[in-house]
Structures are given as structure tokens and as C-alpha cells.
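*Asks:* sequence-free structure coming up:
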């Protein structure tokens, strides 16, 4: 039993030494820059929420998901399909992802996905779509990749997806 405790103590010390190394990657933004970037992204969403069309109707549909709001609008529709997918439906789509500054993080490509297999905000909007719709969805960071950097997406980023639903399986 003594050997077990000795082994456990040595293991804990090794883990603590490794976790305290100076090899940590520093955040790209200072805290002030991060909060300014985050606020710029939230302001973008507030601006889009207020946009109206020529008849005074809101341009974007608003969908509340887990306490935050996703915005989406149908840019075009071909066909007369009215069925919507469920969370496990395999959807064939052509999708592109951009940040609010216009930079692309997901080049336009055809893919198969399910609403339950993507970020929460996009999954919620996909449940509202039908075959033949081209949609623009604006996803706040809380329903996207959150506050941490995710590959080439800075933490706190609002995501803009443009996609066409080609088929459901």
C-alpha cells in the first residue's frame, strides 16, 4: 500500500511540473483587445437584429437558443418542399463560413451534416430549413465556438454561415 501512495505522489509531482512549464501559448489578444473584439461582434448582431426591409418588417428571423439569439434569413428558395429535418437527419448542403470582417474560416464546400453534429446555433437554424432554401445564419459566439480560439476563429467571434439545403436523408 505504501508503494501505491509513493507512486501516486511521484505521479502528481510530475504532472504539476509539466503543467507549470513556460511553453504555454499566449493569447493573440490582450484582455482589452479581446473585450473590444467581443463587443464589436455583439454590436454587429444588435445592428442586424434592428434591420428592416422596405416594408418595415424585420429582415432577420430571431431564434432564441439557450438564452442567446441566432439570426437567420432565407435568401432564396427553389421548389415547394415544406418538410424540415430533425436533429439526426443527414442534410446535404453547400456551406460557407465567414467572420464579421468578411474573412472566410470555412470555404464554400458541399458536405453532409446533422443538426446535432454541428455547433448549437447552426444546428437550431438547420431545424427550421427546407430543401431548396439558401440561408444566411448569424451565430453569436455563445452558440458557436465560445470565448476560446478555435483553429483560425478567434474567441468571441460571431459566425456567419451561408448555405443551401440540397437534400435530406
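*Replies:* Yep, that arrived. Because the structure is predicted, anything quoted here is derived from the model rather than measured. Numbering: from 1, shown residues only.

*Asks:* Chain neighbours aside, what residue packs nearest to residue 139?
*Replies:* Spatial nearest neighbour of residue 139, chain neighbours left out: residue 121 (3.6 Å); criterion: C-beta to C-beta, 6 or more residues apart in numbering. For glycine as for every other residue, the C-beta is placed from the backbone atoms N, C-alpha and C.

*Asks:* That neighbour falls within a helix, correct?
*Replies:* Yes. Residue 121 sits within a helix when classified using DSSP: H, G, I helix; E, B strand; the rest coil.

*Asks:* Longest helix in this structure, by number of residues?
*Replies:* Counting by DSSP state H, the longest helix found in the chain is helix 31-50.

*Asks:* what's it packed up against?
*Replies:* strand 68-77, strand 133-139 (3 or more C-beta pairs under 8 Å, 6 or more residues apart in numbering; DSSP states H and E).

*Asks:* at 10 Å instead, please
*Replies:* strand 68-77, strand 133-139, strand 159-168 (3 or more C-beta pairs under 10 Å, 6 or more residues apart in numbering; DSSP states H and E).

*Asks:* List the residues that contact the residue nearest to residue 61 when sequence neighbours are not counted.
*Replies:* Excluding the flanking residues, the one nearest residue 61 by C-beta to C-beta, 6+ apart is residue 72, at 5.4 Å. Residue 72 makes contacts with 60-63, 121-122, 124-126, 128-129, 133, 135-139, 161, as judged by C-beta atoms under 10 Å, 6 or more residues apart in numbering.
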